[in-house]
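Peer 1: how would this look folded up:
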Amino acid sequence: MSKKRARKLFSLDEANALVPALNEAFDAVRAERDALETILPDIRRAAARRREGGGSAYGQRYVEALDRIAAEVDRVTDLGVLVKDVDQGLCDFPCQSGGRLVLLCWQYPETEVDWWHSVDEGFRGRRPVDELDAGPE
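Peer 2: The predicted structure follows:
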């Protein structure tokens, strides 16, 4: 995974500028997850037979798909974006507003960042960005 670094603070414009890259990354994640869905039954059977030697013709493809998913997540986190849920494509952008840290919230395949929430509330506390001054302070 990515190296620890100082948390980047985003403006709404900066977050929106990254949305195309996020959609591209999560398109790739979805494609790999779809591929995994087709081979997962065979992988599970092989895992159940591991004491007898197991094995699957799809073992290498399974590992490659997991590696590609991890690489896409790393690519997003390297931008300073917080990946909250890979399956849902849920990401947060730390943002300073009104003297407090909030999170601009984006979910695949949205075309722009339309939501924010407090650090404590999470996804369920999402509110429209027009209720927030999303510029860095």
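Peer 1: give me the element the most centrally placed residue in the chain is part of.
Peer 2: When the chain is reduced to its mean C-alpha position, the nearest residue by CA atoms, centre = their mean turns out to be V83, at 3.7 Å. Under the criterion DSSP states H and E, the helix or strand holding V83 is strand 82-85.
Peer 1: which strands and helices sit next to that strand?
Peer 2: Secondary structure elements in contact with strand 82-85, counted by 3 or more CB pairs under 8 Å, 6 or more residues apart in numbering; DSSP states H and E, are helix 59-77, strand 90-97. Every residue, glycine included, has its C-beta placed from N, CA and C.
Peer 1: among these, which is the most enclosed?
Peer 2: Per residue and on average, the most neighbours among those fall to strand 90-97, with a mean of 22 (mean count of other CB atoms under 10 Å).
Peer 1: can you list contacts of it?
Peer 2: Contacts of strand 90-97 from elsewhere in the structure, counted by CB atoms under 8 Å, 6 or more residues apart in numbering, are 7-12, 14-15, 18, 22, 76, 80-84, 101-108, 113, 116, 123, 132-137.
Peer 1: Which pLDDT value belongs to the residue of the chain most remote from its centre?
Peer 2: Among the residues of the chain, the one whose C-alpha is farthest from the average of all C-alpha positions is E52, by CA atoms, centre = their mean at 36.9 Å. E52 is assigned a pLDDT of 75 by the prediction.
Peer 1: Check R7 too.
Peer 2: According to the prediction, R7 has pLDDT 79.
Peer 1: For this structure, just list every one of the strands.
Peer 2: For the chain, strands defined by DSSP state E occupy the ranges 82-85, 90-97, 100-107, 115-118, 127-128.
Peer 1: With mean pLDDT and distance to L40 added, can I get those strands in TSV?
Peer 2: Shown next, in TSV, are those (pLDDT from 0 to 100; distance: least, CB to CB, whole Å):
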stretch	mean pLDDT	distance to L40
strand 82-85	96	19
strand 90-97	96	22
strand 100-107	96	24
strand 115-118	96	32
strand 127-128	96	37
